[in-house]
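Q: Predicted coordinates and the sequence they were generated for:
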Amino acid sequence: MENMINISEVNSMKDERFEWVFGNVIELSSEAAACVKNMRPFKDVTDLCAAFYKYLDEVTFEEKIKVLKSHPDLAGRLAAQGKLTPESACEQRSAGLNDLTPEQKSVIDSRNKRYKEKFGFPFIICARENKVQSIIEGLNKRYNNSLEEEINIGINEVKKICQLRILDIVKN
Ligand SMILES: NC(=O)N[C@H]1NC(=O)NC1=O
């Protein structure tokens, strides 16, 4: 895309600009961008992604839960109200979540609710790598996991979302 930036611009941009540009590569986590800006310079976009992964791996248990909780439900209330971040809105649309049948919508709503009741954070999956059917399968299967497994899987999905968001901003 025309307005993408390259890695040397990433390395030389002012701190505030870095925090603004990368402030939502992890949903609503300005803390991540604030921390990663200090890990510059980066060799390439892979190296930049790795810095965000490192952030996610190294934050405390509480911070990980906070990151998970910052994500909107798939096809949930915020989506219905048009209140998603632009990135999340795009991702949810790409998975087909804007075109659910009433049956699919009610299955996703009820599964999201019971998942959140069990784990205390929303079910998270990289929407751009999935379609409605695989999301429903994930909701059914992952509900049976332990809390520890779901924190790990959730953070791993956040990494995939983060990578795709970065690749929309920085030339590879
Ligand atoms: N709940 C959830 O997975 N939300 C997200 N997934 C994704 O790809 N974008 C999101 O906002």
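A: The structure has been received and is ready for your questions.

Q: Would you tell me whether stretch 69-88 gets close to the ligand?
A: Yes. Contact between stretch 69-88 and the ligand is present through His71, Pro72, Asp73, Leu74, Ser88 (criterion: CB under 6 Å from any ligand atom). C-beta here means a position set from N, CA and C on the backbone, and glycine is covered the same way.

Q: Please report which of the residues you listed has the highest neighbour count.
A: Of the residues of stretch 69-88 next to the ligand, Leu74 is surrounded by the most neighbours, 27 neighbours in total, counting by other CB atoms under 10 Å.

Q: Specify the local secondary structure of it.
A: The assignment at Leu74 comes out as coil when based on DSSP: H, G, I helix; E, B strand; the rest coil.

Q: can you offset everything so residue one is 40?
A: Will do, 40 is the new start, and the previous item becomes Leu113.

Q: next SSE after the lowest-mean-pLDDT helix or strand in the chain?
A: Least confident helix or strand, the chain: helix 116-119 with a mean of 94, by mean pLDDT, DSSP states H and E. Where DSSP states H and E defines the elements, the next helix or strand beyond helix 116-119 is helix 125-133.

Q: What lies in contact with that following helix?
A: By CB atoms under 8 Å, 6 or more residues apart in numbering, the residues outside helix 125-133 that reach it are 63, 66, 110-111, 113-114, 118, 121, 123, 137, 165-167, 200, 203-204.

Q: Mind listing what's buried along it?
A: The neighbour-count criterion (16 or more other CB atoms under 10 Å) identifies Ser127, Ala128, Glu130, Gln131 as the buried residues of helix 125-133.
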